[in-house]
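Visitor: sequence and computational prediction follow.
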Protein chains: 4
Amino acid sequence: MSLIANYGSSFAQWRKACTSEWQRYIGHSFVEGLANGSLPSKAFLHYLVQDYVYLVHYSRAWALGVVKAETLAEMRSCAATVDALVNHEMALHVQICGEAGISEAQLFDAVEEDENTAYTRYVIDAGLSGDFLDLMAALAPCAFGYGEIGLNIAQDMTQSPQIKNNPYQTWIDSYSGDDFQNMCINLGKMIDDAIVYRLGEQPQKSPRWAALQKRFTRATQLEAKFWDMGLRGAD
Amino acid sequence: MSLIANYGSSFAQWRKACTSEWQRYIGHSFVEGLANGSLPSKAFLHYLVQDYVYLVHYSRAWALGVVKAETLAEMRSCAATVDALVNHEMALHVQICGEAGISEAQLFDAVEEDENTAYTRYVIDAGLSGDFLDLMAALAPCAFGYGEIGLNIAQDMTQSPQIKNNPYQTWIDSYSGDDFQNMCINLGKMIDDAIVYRLGEQPQKSPRWAALQKRFTRATQLEAKFWDMGLRGAD
Amino acid sequence: MSLIANYGSSFAQWRKACTSEWQRYIGHSFVEGLANGSLPSKAFLHYLVQDYVYLVHYSRAWALGVVKAETLAEMRSCAATVDALVNHEMALHVQICGEAGISEAQLFDAVEEDENTAYTRYVIDAGLSGDFLDLMAALAPCAFGYGEIGLNIAQDMTQSPQIKNNPYQTWIDSYSGDDFQNMCINLGKMIDDAIVYRLGEQPQKSPRWAALQKRFTRATQLEAKFWDMGLRGAD
Amino acid sequence: MSLIANYGSSFAQWRKACTSEWQRYIGHSFVEGLANGSLPSKAFLHYLVQDYVYLVHYSRAWALGVVKAETLAEMRSCAATVDALVNHEMALHVQICGEAGISEAQLFDAVEEDENTAYTRYVIDAGLSGDFLDLMAALAPCAFGYGEIGLNIAQDMTQSPQIKNNPYQTWIDSYSGDDFQNMCINLGKMIDDAIVYRLGEQPQKSPRWAALQKRFTRATQLEAKFWDMGLRGAD
């Protein structure tokens, strides 16, 4: 059974309007492999290195959020996110990769896969070409999807006979844990507020709504392809 | 008697909502000096050199419009404007300045006055921080104001005893002429369409409207200060 | 026999430093299919629609060149290119696609393939994150590669028994023709000048050179993948 | 006696190449008024409100640094700076202003003075039009100048009969204190490294050097005008 995470009103609507793309993303076989521990370690490591490269550009996109913010709350949220990503989350990747024998310099200079290029630069260009909302709609699927995946796996584990010694337990714990879940909840609030601030109480009636949905759906597709790319690491 | 130029619905509303700032801009003593020929030539030349520097950054802002456009019509309009500014209008300045003994290289490297910096970079940042509409609202006062000034002076000249041999007749003719007026009319249409495309048929009901008005009003203030700066050239 | 097009010194060096990537691009089987007329028309049409979408973002990237230019010559070159792309080259695509029953609105709204997203947004981000040279190095492979392909096919046709009634003759003629070739030559000069302007007479000794080479090589790879994507249209 | 702060090699050279502009900035009568306590409180409060508005855009400019960084060290430095500015330094302003009866919402919405607009948008545009170094050269005078001012006032106070109960002691302490001084030293190192990374061990031989100097000098001028604007608050 799949859980629908509660990360605010905009996310709920965007998610519902691209159900098939969303399912392809959060129900991907890469995710199943993480959940039951069957994912080949080569695939996970390939993903991890690419995810580090992803984080570099994802952080840049959040920094663009500071550039484009129009309220104090937006500035603070984006600035804290950039700092958390650059000065903390990237360190976690470095630690796990380090244990697998990959240095941080190697990570930073890893050859970027095309799926990574497509996704990250699409998000950054959403920020350059549009406004704060365009950027947020393109950034949302990453945070909210990982949050929902974390919740789902954690729930399955309480309901099913436990998978012992899942090598990906640390990964699962970090995304199902309170820190990440609270971040998603706060992000959902900030996005809802940002939308009301610009489009009013009935944003769905604005022509802008369809444009934001398009951004969210496209980024969701590109997330699913990121998992495809991860699986290629096992070839 | 002052004429209200007909450059579309958005302009009409923006203009009306900042009447005092708009009057300070289009009714500035620099403009009166152009109209009756009494403007000191040192002030005009100072203005002209700064206006060339302005055109460099104004062209950059219009180019940012191409980066941020979301429809073919918007792209075409902005691309044609950039080309007209860079490859034609700047040449006119070069010609007039050349007759006054100022070379094009000198123009490009002229020391930029603070008023120029404030205005042009404000417009460019409107584009970086906001969307296409934020950029257009900040770009609008320059084009529409010069259009209205051109119309007003030309009308006064048909109603009053003609000022003979006004040294600024070429300047007046270029902004009251059909080419510039048609450009303003087409720009007004493009902006009206761009607003409906994003905010619907009643854009004034969107919270975005106040933000766009703020951009327009601020750019209008900065236009008036550009005339102040021009007058300083006669000191 | 393959010809090396003469589009200036920087291009010559960048090209030489990524020979295998460059050959994979300009010697792609899609290109061979264009040259001998064997390319399935479905593949060509798929390519053409995606190339139109590409042109939208390629024009945006050139417009970013105007935003980032530091000399008059750079501004003029970029502004003229934007205008040529948006107000002329896109019209050629519209015409050919129109004959195949695809309207311009369909073109503008075509679903963008991932290879297209990756390439175009990579180029635009090169401009956002770097300076004018980073942007030019990422833009260069498209123009120069098409120029070299055009030259090569045209030369082969003069040396081999002529392929009669090649359905892609119009495409070949447009890139081997004087207009496009002269554009490439002028672009090569502008890029050479832009490099000397910023990095001096021995730019290869600057650490920036390796960064520019990396941009050129990456964009060349993404060009080859664009042909891969075109071939998928025949599936 | 004036002290030359030791914030690295690039700063030392940039500072020396614009000695008169630099002196007008750090030796401004506004600064003297802070040092001896004679500055009218109305001027200080006017400055403080504008400085809050400044911090909004200064933070945005540092966030653009994250977008444009090319090394991990650059990303980390810029991300930490953005977070420190947005989530800490702005709070200090809020506290001081709050004690003077000005709310944070009032601060965020304060009418921005033209000098503020010119300076902050100039810096942001340096980042949009150029590369990471252009941005850093435009950002440098603010941090390094306040650091040097803090050091100078603190040194004068140890050498001269102490000014008792200077109402600006908190301001002086915060910029002469170890936290701010260490930040300046680390920033100086980061900028020196960033320059070597891109321009090599002899950056002064690159044509880029003159462009960076121009950015630094212009931002220094705009800093002095910011003090002018502060003094207007006492009128």
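Guide: All right, it came through fine.

Visitor: contact partners for the most centrally placed residue in chain A?
Guide: Chain A has A:C142 as the residue nearest its centroid, 1.7 Å off, counting by C-alpha atoms, centre = their mean. For A:C142, the contact set (C-beta atoms under 8 Å, 6 or more residues apart in numbering or on different chains) comprises A:58, A:219, A:223. C-beta here means a position set from N, CA and C on the backbone, and glycine is covered the same way.

Visitor: what of A:S77?
Guide: Counted by C-beta under 8 Å, 6+ apart, A:S77 has contacts A:186-187, A:190.

Visitor: so which helix or strand takes in A:S10?
Guide: Taking DSSP states H and E as the criterion, A:S10 maps to helix A:9-16.

Visitor: check whether that helix contacts chain B.
Guide: No: against chain B, helix A:9-16 shows no contacts by C-beta under 8 Å from any C-beta of the partner chain, the least distance being 15.5 Å.

Visitor: return the alpha-carbon coordinates of that helix using PDB.
Guide: What follows is helix A:9-16, C-alpha atoms only, in PDB (Å, rounded to 0.1, in the frame of the first residue of the first chain):
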ATOM      1  CA  SER A   9      -1.800  21.700  -0.800                       C
ATOM      2  CA  SER A  10       0.200  22.600  -3.900                       C
ATOM      3  CA  PHE A  11       2.200  19.300  -3.800                       C
ATOM      4  CA  ALA A  12      -1.000  17.300  -3.400                       C
ATOM      5  CA  GLN A  13      -2.500  18.900  -6.500                       C
ATOM      6  CA  TRP A  14       0.600  18.700  -8.600                       C
ATOM      7  CA  ARG A  15       1.200  15.100  -7.700                       C
ATOM      8  CA  LYS A  16      -2.400  14.100  -8.400                       C
END
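
Visitor: in it, what counts as buried?
Guide: Neighbour counts using 16 or more other C-beta atoms under 10 Å in any protein chain shown place A:10-12, A:14-15 of helix A:9-16 among the buried residues.

Visitor: ok, now stretch A:190-209?
Guide: Those would be A:190-195, A:197-199, A:203, A:206, A:208-209, for stretch A:190-209 by 16+ other C-beta under 10 Å.

Visitor: so which of the contacts of A:S77 reach chain D?
Guide: Applying C-beta under 8 Å from any C-beta, the subset of the contacts of A:S77 adjacent to chain D is empty.

Visitor: next up, phi/psi of A:S206, please.
Guide: Backbone torsions for A:S206, taken as degrees, to the nearest 10, come to phi -90, psi 140.

Visitor: near chain B, which residues of chain A?
Guide: Contact residues, chain A versus chain B (C-beta under 8 Å from any C-beta): A:67-68, A:70, A:128-131, A:134, A:196-200, A:205-208, A:211.

Visitor: so what's the residue count around the residue in chain A positioned nearest to chain B?
Guide: For chain A, the residue closest to chain B is A:D131, as judged by C-beta to the nearest C-beta, at 3.8 Å. Per other C-beta atoms under 10 Å in any protein chain shown, the neighbour tally for A:D131 reads 24.

Visitor: where does chain A dip in pLDDT?
Guide: A:1-4, A:161-163 (pLDDT under 70).

Visitor: can you rerun that using 90?
Guide: Across chain A, the ranges flagged by pLDDT under 90 are A:1-5, A:87-97, A:99-109, A:155-165, A:170, A:233-235.

Visitor: show me where it has its helices.
Guide: For chain A, helices defined by DSSP state H occupy the ranges A:9-16, A:19-26, A:29-36, A:41-68, A:72-84, A:90-99, A:104-108, A:114-129, A:132-159, A:169-176, A:178-199, A:208-232.
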